[in-house]
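Novice: what follows is a predicted structure for the sequence shown.
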Amino acid sequence: MNPIRPFFTGFLLLLMFAAVGLTETASGQVCPGKEDCLSPHETPGCNDLACCEIVCLADPFCCKNWDTTCVETADATCAGLCGATASGPCFIANSSPGCEDASCCDAVCSIDPFCCDTTWDGNCAFFAGTVCEAVGGTCGDPDSGECDQANGSPACSDEDCCNSVCQVDPSCCDQSWDLVCVAVAESICGGTCTVSSEAGDQSEAETCQSETNDPCEGGTPETITTDRRFLGTFRNASDVDVFAIDLAAFDLDLDGEVRVRISLGAASASLGLRPAGCDETPIMAIESAGCQASSSFLCVPAVPSELIISPVGSTSGCSEPVYAAMIEVIDYCGEACGNPIDCLVPHQTPGCDDPECCDLVCLSDPLCCDWTWDSSCTVTAAEHCGGPPPPNDLCSEAQAVGLGSTSFRQLLSNREEPVSACLDDNLRGGDIWFVHRVACDGTFFIGTCGIADFNTVIDVFRGGCDSLEPVTCNDDNLLCGTQTSIVTVDDATCGEQLWIRVSGVDDKTGSGEISIECFGVSCPCIADLNGDGQVDGADFGLLLSAFGPCSRDCPADLNDSGNVDGSDIGLMLALWGDC
């Protein structure tokens, strides 16, 4: 063995380590520099420490003068640097921080610093599709990018798929082809969209081998009802399904019009509404693709009518439902913000009685004026417009209720003592009060289970408003599943009065019903003052004749308050009828 070779090899290695050490020392002296890593400049290094060290290690000259070659090296190697090609596309998740468009990268990282500090993940790509301006691109342009990838262009390269997706979500062609557009494309263009059936759906009677429900081809329309989905298939691309409904049956105010909402979810189909007859022109029309829900509202003539459903484009056979449609009807075609019903009360017609408040609510939720003024509309009205507290806001103003269901409004209520044994009092919100004279000898339930639109807690007391004694309470009953409540009372005596408080939980507020159901036998009828087995006008006359302060043994004082007054009238009306 030549003794010189080991010495020579070691000497070369020593020189290499020394050179690297000199380079690292040099880069350490200039990194980070003062200027942008992606712009040429005459000063040494650049302003990103990691990028500066990588580039200087590859090309020591860059630690003297950062020229265009250094910029090209930085662009190709500095993954994680905003604006560097190495960082990857902004509209697709990648394994490094940052992305290749500097302005987009900065905008996204101002929203979520994680995108520049750790990694450019799916959330960062989604933000990019929202805040970054896409460049170029038209449907079918090969430079627009693939339809199955977020590409940063407002389009994709498959023209038919692109047009179908943009019909469902116009932002895919107006702004950027993001991950949402990719998901829609996979559903529509991949042919994977299927309509799932639900309990209660009506299935088309027409079989796959026939076309029997198109009256314009000698068939007979299938009859449908409101508020029920009907499902169907298409035998081929020319198959048309027709369904009949008589809208005149819903015109209870006889003004000749009804308000309808038509809805469609389909692989690719159109739905139209026309007066019955092949020569009639549809007065409403909607389309759906990719099983995306589509709907429309309109006041239409209250006449026998037909819904026409047609495929758009090719079909994939009729073994499974390819569309689900529905029609709903409301008999109100007046001005929405002229509706005479209180803005704080949910109702099945659009609008409410305060035009200014109505306009404010419908500006934030158009459905409140297009369709129904539901509980969400009333909550918005309370927030925007305020209003009086409920009439039974205080225990002293408790509303008399009997067996059955009674509607209430808890919106804008205040909170009254005592505390609840079922809930931390810091979480208990506004409350309303009811008083019930026990008419059930046995167990009975008191609840808001599934019939209130907010999180409730129920407390039951006895003893009167000045000396309330807790009986029972409940926050969330698991059987309800809607954060509503049921309490069971089994130790009350006939004729006893119970005070019932319904409170909101954790600032929740709304409307609903309270239900009292008896699971024992009926008590003697305390409001049957003349003992004839009925609570009727004769008893009401006796109550009125005893109106005012009441001494002992006063049957007309139904709530034992010492006075025959309006509360007793309320109790009598609650017990009205046969005993």
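Specialist: Yep, it's here.

Novice: show me the shaky parts of this protein.
Specialist: By pLDDT under 70, the weakly predicted segments of the chain are 1-29, 133-136, 152, 187-193, 314-317, 551-553.

Novice: find the nearest non-adjacent residue to the spatially most central residue of the chain, please.
Specialist: For the chain, residue 376 is the residue whose C-alpha lies nearest the centre (CA atoms, centre = their mean; 10.6 Å). Nearest residue to residue 376, sequence neighbours excluded (CB to CB, 6 or more residues apart in numbering): residue 365, at 6.7 Å. Every residue, glycine included, has its C-beta placed from N, CA and C.

Novice: and if you look at residue 76?
Specialist: Closest residue to residue 76 apart from its sequence neighbours, by CB to CB, 6+ apart: residue 86 at 5.8 Å.

Novice: hang on, residue 336 packs against residue 358?
Specialist: Yes - with contact defined as CB atoms under 8 Å, residue 336 counts as touching residue 358 (6.7 Å).

Novice: just want to know which of the two has more residues nearby.
Specialist: residue 358 (25 against 22; other CB atoms under 10 Å).

Novice: returning to that earlier point: for residue 419, see how far away the residue nearest to the centre of the chain is.
Specialist: The gap separating residue 376 from residue 419 is 30 Å, by CB to CB, to the nearest Å.

Novice: okay, domains of the protein per the record?
Specialist: Domain assignment for the chain, taken from automatic domain parsing, gives 4-78, 216-330, 336-385, 395-522, 534-578.

Novice: could you pull out the helices for the stretch 1-150 of the chain?
Specialist: 4-30, 49-58, 68-77, 102-111, 114-117, 122-131 (DSSP state H, counting those that start in this stretch).

Novice: can you map out the strands along the stretch 151-300 of the chain?
Specialist: 202-203, 222-223, 230-232, 241-246, 257-266, 268-275, 284-289, 294-301 (DSSP state E, counting those that start in this stretch).

Novice: format those as CSV; extra columns: mean neighbour count and distance to residue 543.
Specialist: As requested, the strands of the stretch 151-300 of the chain are exported to CSV (neighbours: other CB atoms under 10 Å; distance: least, CB to CB, whole Å):
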stretch, mean neighbour count, distance to residue 543
strand 202-203, 14, 52
strand 222-223, 15, 52
strand 230-232, 21, 54
strand 241-246, 20, 48
strand 257-266, 22, 44
strand 268-275, 22, 54
strand 284-289, 20, 55
strand 294-301, 16, 47
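
Novice: adding distance to residue 466, write those out as JSON lines.
Specialist: Shown next, in JSON lines, are the strands of the stretch 151-300 of the chain (distance: least, CB to CB, whole Å):
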{"stretch": "strand 202-203", "distance to residue 466": "58"}
{"stretch": "strand 222-223", "distance to residue 466": "61"}
{"stretch": "strand 230-232", "distance to residue 466": "59"}
{"stretch": "strand 241-246", "distance to residue 466": "58"}
{"stretch": "strand 257-266", "distance to residue 466": "50"}
{"stretch": "strand 268-275", "distance to residue 466": "61"}
{"stretch": "strand 284-289", "distance to residue 466": "60"}
{"stretch": "strand 294-301", "distance to residue 466": "52"}
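
Novice: which one of the ones you listed lies nearest to residue 186?
Specialist: Nearest of these to residue 186, taken as CB to CB: strand 284-289 at 12.7 Å.

Novice: partner strands of that closest one and their direction?
Specialist: Applying DSSP bridges, strand 284-289 is found paired with strand 268-275 (antiparallel).

Novice: need the contact partners of the strand it pairs with.
Specialist: 164, 188, 234, 260, 262, 264, 280-290, 300-301, 303-313, 322-323, 325, 327 (CB atoms under 8 Å, 6 or more residues apart in numbering).

Novice: can you do 6 Å?
Specialist: The contact list for strand 268-275 (CB atoms under 6 Å, 6 or more residues apart in numbering) reads 262, 264, 280, 282, 284-287, 289, 303, 305-313, 323, 325.

Novice: likewise for stretch 463-476?
Specialist: Counting by CB under 6 Å, 6+ apart, 395-396, 418, 420-423, 457-462, 483, 485-487 sit against stretch 463-476.

Novice: so which of these belong to helices?
Specialist: Among those, DSSP state H puts none in helices.

Novice: hey, where'd the helices end up in the stretch 251-400 of the chain?
Specialist: Under DSSP H, counting those that start in this stretch, the stretch 251-400 of the chain gives helices at 355-364, 367-370, 375-385.

Novice: turn those into a markdown table, columns for distance to residue 414.
Specialist: Formatted as a markdown table, those follow (distance: least, CB to CB, whole Å):
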| stretch | distance to residue 414 |
| --- | --- |
| helix 355-364 | 21 |
| helix 367-370 | 26 |
| helix 375-385 | 13 |
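
Novice: quick one: which of those helices is nearest residue 224?
Specialist: Closest to residue 224 of the helices of the stretch 251-400 of the chain is helix 367-370 (CB to CB; 22.1 Å).

Novice: take the domains of the chain and lay them out in JSON lines including distance to residue 173.
Specialist: JSON lines is the format used below for the domains of the chain (distance: least, CB to CB, whole Å):
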{"stretch": "domain 4-78", "distance to residue 173": "30"}
{"stretch": "domain 216-330", "distance to residue 173": "14"}
{"stretch": "domain 336-385", "distance to residue 173": "24"}
{"stretch": "domain 395-522", "distance to residue 173": "38"}
{"stretch": "domain 534-578", "distance to residue 173": "61"}
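
Novice: from memory residue 260 sits against residue 329, does it?
Specialist: Yes - judged on CB atoms under 6 Å, residue 260 makes contact with residue 329 at a distance of 5.4 Å.

Novice: list residues touching both of residue 336 and residue 358?
Specialist: residue 351.

Novice: how far away is the residue nearest to residue 376 from residue 286?
Specialist: Residue 365 sits 20 Å away from residue 286, going by CB to CB.

Novice: what does residue 85 give?
Specialist: From residue 85 across to residue 286, the span is 44 Å (CB to CB).

Novice: how about residue 80?
Specialist: Going from residue 80 to residue 286 by CB to CB gives 47 Å.

Novice: ok, how many other residues are close to the residue lying closest to residue 431 once chain neighbours are set aside?
Specialist: Spatially, and ignoring its direct neighbours in sequence, residue 431 is nearest to residue 503 (4.0 Å; CB to CB, 6+ apart). As a burial measure, residue 503 scores 28 neighbours (other CB under 10 Å).
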